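Peer 1: Sequence plus the predicted model coming up.
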Amino acid sequence: MTKTKTFIFAAASALALAACGGAGGDGASRDSVRAVGSSTVFPFAKAVAEGLARENSGIKSPIIESTGTGGGMKLFCEGLGAATPDMANASRRMKASEFADCQANGVTDIIELKVGLDGIAFASAKGGIMMSLTPKQVYEAIAASPYGGEQTNKNWSDVDPSLPNEPILVYGPPSTSGTRDALKELVLEVGCTTNADMKALKESDEDRYDQVCTEVRSDGAYVDQGEQDNLIVQKIESNPKAVGVFGYSYLEENADKVQGLPMNGVEPTYENISSFAYPGARPLYVYVKKAHIDAIPGLKEYLLQWTKMWGVDGPLTKIGLIASPADVMEKNLKAATEFTTIDGSELK
């Protein structure tokens, strides 16, 4: 799309926003905020929405939809105006390709908030299978083609004799999930690149490297459980030999039902994730269309509500969010109140 066309599109979308007094589906007026995206961020976004409604009787509670990070980004970047969401929740940072899609569709000014931290937790049922894993072991257990070879591991003990002689069964996030992206980057790739040949492959053939190092097996040992992390909790709770992969907040929320599995000997706890000692630690994000700030009732107040609740002793930490370091919170407070935007140069 040319710069002229982009400008015309953005201007037309802005007029549409002003005309309808908000952004709502099917061209209808909308008097509440709409956010889409990550299932991991969902419970936090929902809690902030409830807090906003509770503290402001004249503001309707925002509508929060759990679509997965990838699905949410796609909806967010479709354009400005009545039929598009105001915000996208994400359990990984926006990709450069998504930013480019947004720009092409007139979503040129994007506010990025790093709302806190989470961890990719590996867990099993209380009293179920217990093992201390490493990224290398996880990679060799669930990769479709470990180091480019045939996947022959049936039991955990096939991966490493020190692990239980039990079938590999892992319930995890789908390809559209930010949790899956984090699993790839923080665990699978780390395990894959313990092999020197894989490091060399990344330099010579990045597409092949991505396939070998991040593609998970499809023979039933890894089960894509959809965008609802609570379903993974239910699956491992009913099968003591199964392992689940989901956000730390779900481990915290279901501590009476499931137990965390150590990674590199480090337990998935609040302290270990906040210090990045746990290998699966990751930041969580919220993206906002600046063009919608003045058009959508309650959007400014909703962003401010996040800043009131994401602190170390705030309400969100009580349901599993891990607070960002003080300097990160200060930077994001500025973004949430001054509506500063990103230029995309740091995105990958």
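Peer 2: Yes, it's here.

Peer 1: Any idea which residue is closest to the centre of the chain?
Peer 2: The chain has S91 as the residue nearest its centroid, 1.5 Å off, counting by CA atoms, centre = their mean.

Peer 1: just the strands in the stretch 201-348 of the chain please.
Peer 2: 222-224, 243-247, 258-260, 281-289 (DSSP state E, counting those that start in this stretch).

Peer 1: Distance from the longest one to the middle of the chain?
Peer 2: Averaged C-alpha coordinates place strand 281-289 at 8 Å from its chain's average position (CA atoms, centre = their mean, to the nearest Å).

Peer 1: ok, now stretch 326-341?
Peer 2: 20 Å.

Peer 1: list the buried ones in it?
Peer 2: Buried residues in stretch 326-341, counted by 16 or more other CB atoms under 10 Å: 329, 332-333, 335-336. No exception for glycine: its C-beta is placed from N, CA and C like everyone else's.

Peer 1: Quick check: N239 touching L169?
Peer 2: Yes. Checked against CB atoms under 8 Å, the pair N239 and L169 is within contact range at 7.1 Å.

Peer 1: Where does pLDDT dip in the stretch 201-348 of the chain?
Peer 2: 227 (pLDDT under 70).

Peer 1: just the helices in it please.
Peer 2: Under the criterion DSSP state H, counting those that start in this stretch, the stretch 201-348 of the chain contains helices at 206-214, 229-238, 248-253, 270-274, 299-309, 326-338.

Peer 1: any idea how far K331 is from W156?
Peer 2: Distance, W156 to K331, using CB to CB, to the nearest Å: 42 Å.

Peer 1: and the residue nearest to the centre of the chain, what does it touch?
Peer 2: For S91, the contact set (CB atoms under 8 Å, 6 or more residues apart in numbering) comprises 38-41, 69, 118, 177-179, 181-182, 247, 282, 284-285.

Peer 1: sorry, back to before: winner for burial among the helices of the stretch 201-348 of the chain?
Peer 2: helix 248-253 (a mean of 23; mean count of other CB atoms under 10 Å).

Peer 1: Only C-alpha atoms, please: export that helix in PDB.
Peer 2: Once non-C-alpha atoms are left out, helix 248-253 reads as follows in PDB (Å, rounded to 0.1, in the frame of the first residue of the first chain):
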ATOM      1  CA  TYR A 248       2.700 -19.900  35.400                       C
ATOM      2  CA  SER A 249      -0.500 -18.100  36.500                       C
ATOM      3  CA  TYR A 250      -2.400 -21.300  35.800                       C
ATOM      4  CA  LEU A 251       0.000 -23.200  38.000                       C
ATOM      5  CA  GLU A 252      -0.500 -20.700  40.800                       C
ATOM      6  CA  GLU A 253      -4.300 -20.700  40.400                       C
END
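
Peer 1: Which strands and helices lie in contact with that helix?
Peer 2: helix 42-55, strand 110-125, helix 229-238 (3 or more CB pairs under 8 Å, 6 or more residues apart in numbering; DSSP states H and E).

Peer 1: Which neighbouring elements make contact with the next helix-or-strand element following the longest one?
Peer 2: Okay, so that is strand 110-125. Moving toward the C-terminus from strand 110-125, the next helix or strand (DSSP states H and E) is helix 135-142. Counting contacts by 3+ CB pairs under 8 Å, 6+ apart, helix 135-142 packs against helix 156-159, strand 170-172, helix 189-192.

Peer 1: Just the residues contacting the last one, thanks.
Peer 2: The contact list for helix 189-192 (CB under 8 Å, 6+ apart) reads 134-140, 143, 147, 198, 212-214, 279.

Peer 1: let's go with 6 Å and repeat that
Peer 2: Helix 189-192 has contacts (CB atoms under 6 Å, 6 or more residues apart in numbering) with 135-136, 138-139, 198, 213.

Peer 1: what about that helix, average pLDDT?
Peer 2: Helix 189-192 carries an average pLDDT of 96.
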